[in-house]
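K.L.:
Got a predicted structure here, sequence first:
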Amino acid sequence: MKSRLSIVLFCILLPLNAAAQDYVPTDENLKARREFSDMKFGIFLHWGIYSMFGQGEWYLHNAGLDHKEYAKAAAGFYPALFDAKAWVTAIKDAGAKYITITSRHHDGFSMWNTAQSDYNIVKSTPFRRDILKELADECHRQGIMINFYYSHLDWTREDYPWGRTGHGTHRDSTKADWPKYYRFMNNQLTELLTQYGRIGAIWFDGFWDHDHDSVPFDWQLGPQYELIHRLQPSCLVGNNHHVEIHPGEDIQIFERDVPGENKAGYSEGVSISRLPLETCQTMNGMWGYKITDQNYKTASELIRLLVRTSGKGANLLLNIGPQPSGELPATALSRLREIGDWLRQYGESIYGTMAGDVGAQPWGVTTRKGNDLYVHILDLKENTLLLPITCKVKEAKVLADGRPVRVRRTKAGVLLTLPEVPSGTDYILKLTTK
Ligand code: GLC
């Protein structure tokens, strides 16, 4: 009797423990990881009722607003110009292979017709259209991947246990009820993974809200990740937690930083894992639409960022904050066009590549695909370049026009003599190696 009971208990507990500790990705998942890595470029969309205030997605917290007053904005949210087809077309033409959109950000407003809360785009706005559905359908139609950002933290719900942000939104902290909130999240995730076709990834954010707790907060990530993988084994799990990866994650995210650089301060001490990597970055300075932030990076700067992330083997997830009207900002559209033009010409040196043989250098980076080594020169004041590599180079040329590059083997590596001093956004050499 005793042994039968322990077998039953073992069987019940096994999935949870296995999920938390010994995650073994399925073949489908491994395939999806490889496909993800090859994509190299995606577009991040931060859109919600916060876009109406034009102050970024943290406005509720930053302005210390009463969440009930803030929620009234939903009744005026009518993005008349939203056109999923136009968005996906512009993003696809830019050469992006996936879109990651905020399904629910920290303000707690859901951009789909969730049955778990009326505080959503269909039930609380006059627009009454399921944005996620329209976008997911259009992505599937046009053959690009759709991923969902999902906030772990919530500044509106009282069952979410207070972390270090959102204290000014007039919620009653004594009403925290983690089991209830956890169930709510898992029910929402179940909707997202069963009603919107294939989802490329769930992109979590907000874990860091509890990084100052005196007793470590248990987010119960293991069973939640297991739920996602059970519903869609190929769905990749990523978490923008700013710490080492947890078991059950399929991609590693670096906020505002090329992996290993930590210039933005979010990746301090975080080691680079062997999972597919992704850097997310803004086109201007803010994620959600901010009316005063017209400080857009130039197309050249954005392309160089894409090149530098590729040099690390990472993807770039580049953000746009759509306007409350439902349009993508004109400057963002213009940047998309310029990036698209560049990728149509030089995409072979980006898509499907891995980090090249030579790590990041003051002059630039390298990427590799099969026998081809691409040398991306971003800053060089002379026409010679010594590559510290030992492989044999069969042929070397300038990618733009095929002009030959002279190759000489030296003790220190391969010395390249270029037809000119490199200039422009990214002067690419293509080396065919043995
Ligand atoms: C940060 C911000 C959040 C944004 C995210 C994107 O975590 O809190 O607003 O969505 O970065 O990387």
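P.N.:
Thanks, I have it. Numbering: from 1, shown residues only.

K.L.:
In stretch 247-257, which residues are buried?
P.N.:
Neighbour counts over stretch 247-257 (16 or more other C-beta atoms under 10 Å) mark 248-257 as buried. Every C-beta, even on glycine, is put in place using the N, C-alpha and C of the backbone.

K.L.:
out of those, which one sits closest to the ligand?
P.N.:
Of all the buried residues of stretch 247-257, the one sitting nearest the ligand is residue 255; the distance, using C-beta to the nearest ligand atom, is 4.6 Å.

K.L.:
Determine the three-state secondary structure at the residue nearest to that closest one when sequence neighbours are not counted.
P.N.:
Counting by C-beta to C-beta, 6 or more residues apart in numbering, residue 266 is the residue found nearest to residue 255 once chain neighbours are left out, at 4.4 Å. Three-state call for residue 266 (DSSP: H, G, I helix; E, B strand; the rest coil): coil.

K.L.:
Can you tell me the number of residues neighbouring residue 266?
P.N.:
17 (other C-beta atoms under 10 Å).

K.L.:
got the contact list for it?
P.N.:
Residue 266 sits next to 242, 254-257 when contact means C-beta atoms under 8 Å, 6 or more residues apart in numbering.

K.L.:
Let me know the closest of these to residue 354.
P.N.:
Closest to residue 354 out of the contacts of residue 266 is residue 254 (16.8 Å), distances taken as C-beta to C-beta.

K.L.:
Can you name the residues that contact the closest one?
P.N.:
Contacts of residue 254 by C-beta under 8 Å, 6+ apart are 266-267, 270, 277-280, 314.

K.L.:
quick one, helices of the stretch 201-350 of the chain?
P.N.:
For the stretch 201-350 of the chain, the helices defined by DSSP state H, counting those that start in this stretch cover 221-231, 299-311, 330-346.

K.L.:
Can you say which of those is nearest to residue 202?
P.N.:
Of all the helices of the stretch 201-350 of the chain, it is helix 221-231 that lies closest to residue 202, at 5.6 Å by C-beta to C-beta.

K.L.:
per-residue pLDDT, residue 22?
P.N.:
Residue 22 carries a pLDDT value of 84.

K.L.:
What count of nearby residues applies to the residue of the stretch 301-434 of the chain found nearest the ligand?
P.N.:
Residue nearest to the ligand within the stretch 301-434 of the chain (C-beta to the nearest ligand atom): residue 319, separated by 7.2 Å. For residue 319, the neighbour count with other C-beta under 10 Å is 20.

K.L.:
Skipping adjacent residues, who's closest to it in space?
P.N.:
That would be residue 44: by C-beta to C-beta, 6+ apart, it lies 3.9 Å from residue 319.

K.L.:
what's the host helix or strand of that neighbour packed up against?
P.N.:
According to DSSP states H and E, residue 44 maps onto strand 41-45. Counting contacts by 3 or more C-beta pairs under 8 Å, 6 or more residues apart in numbering; DSSP states H and E, strand 41-45 packs against strand 98-104, strand 145-151, strand 314-320, helix 330-346.

K.L.:
Next SSE downstream of it?
P.N.:
Per DSSP H and E, the helix or strand that comes after strand 41-45 is helix 59-62.

K.L.:
hang on, isn't residue 276 packed against residue 252?
P.N.:
Yes: if you go by C-beta atoms under 8 Å, residue 276 and residue 252 touch, sitting 7.3 Å apart.

K.L.:
Make CSV out of the helices and strands packed on strand 41-45 and add mean pLDDT.
P.N.:
Converted to CSV, the helices and strands packed on strand 41-45 look like this (pLDDT from 0 to 100):
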stretch, mean pLDDT
strand 98-104, 99
strand 145-151, 99
strand 314-320, 99
helix 330-346, 98
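
K.L.:
I'd like the ones you listed written out as TSV, with distance to residue 416 added.
P.N.:
What follows is these, written out as TSV (distance: least, C-beta to C-beta, whole Å):
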stretch	distance to residue 416
strand 98-104	34
strand 145-151	37
strand 314-320	25
helix 330-346	18
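
K.L.:
For residue 417, find the nearest of these.
P.N.:
helix 330-346 (21.8 Å).

K.L.:
which other helices and strands contact the helix or strand following that closest one?
P.N.:
Downstream of helix 330-346, the next assigned helix or strand under DSSP H and E is strand 354-355. Here strand 354-355 touches strand 364-369, going by 3+ C-beta pairs under 8 Å, 6+ apart.

K.L.:
What are the buried residues along the strand it packs on?
P.N.:
364-369.

K.L.:
circling back: point out the most buried one among the helices of the stretch 201-350 of the chain.
P.N.:
Mean neighbours per residue, mean count of other C-beta atoms under 10 Å, is largest over the helices of the stretch 201-350 of the chain for helix 299-311, with a mean of 21.

K.L.:
what about the strand holding residue 44, average pLDDT?
P.N.:
99.

K.L.:
got it, and stretch 66-81?
P.N.:
The model assigns stretch 66-81 a mean pLDDT of 98.

K.L.:
try stretch 227-245
P.N.:
What stretch 227-245 shows for mean pLDDT is 98.

K.L.:
before we move on, back to that, how about TSV for the helices of the stretch 201-350 of the chain, with distance to the ligand added?
P.N.:
Output for the helices of the stretch 201-350 of the chain, formatted as TSV (distance: least, C-beta to the nearest ligand atom, whole Å):
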stretch	distance to the ligand
helix 221-231	16
helix 299-311	14
helix 330-346	16
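
K.L.:
Which one, of the ones you listed, ends up nearest to residue 194?
P.N.:
Of the helices of the stretch 201-350 of the chain, nearest to residue 194 by C-beta to C-beta is helix 221-231, at 6.2 Å.

K.L.:
what's that closest one packed up against?
P.N.:
If contacts are counted by 3+ C-beta pairs under 8 Å, 6+ apart, helix 221-231 sits against helix 2-21, helix 178-194, strand 236-240.

K.L.:
looking at those, which one has the lowest mean pLDDT?
P.N.:
Of all the helices and strands packed on helix 221-231, helix 2-21 carries the lowest average pLDDT, namely a mean of 45.

K.L.:
Just want the angle from whatever helix or strand comes next after that helix to strand 145-151.
P.N.:
Where DSSP H and E defines the elements, the next helix or strand beyond helix 2-21 is helix 27-39. Angle, helix 27-39 to strand 145-151, by axes from the mean of the first three to the mean of the last three C-alpha atoms, to 10 degrees: 100 degrees.

K.L.:
when you give positions from now on, start the count at 803
P.N.:
In the new numbering, first residue 803, that becomes helix 829-841.
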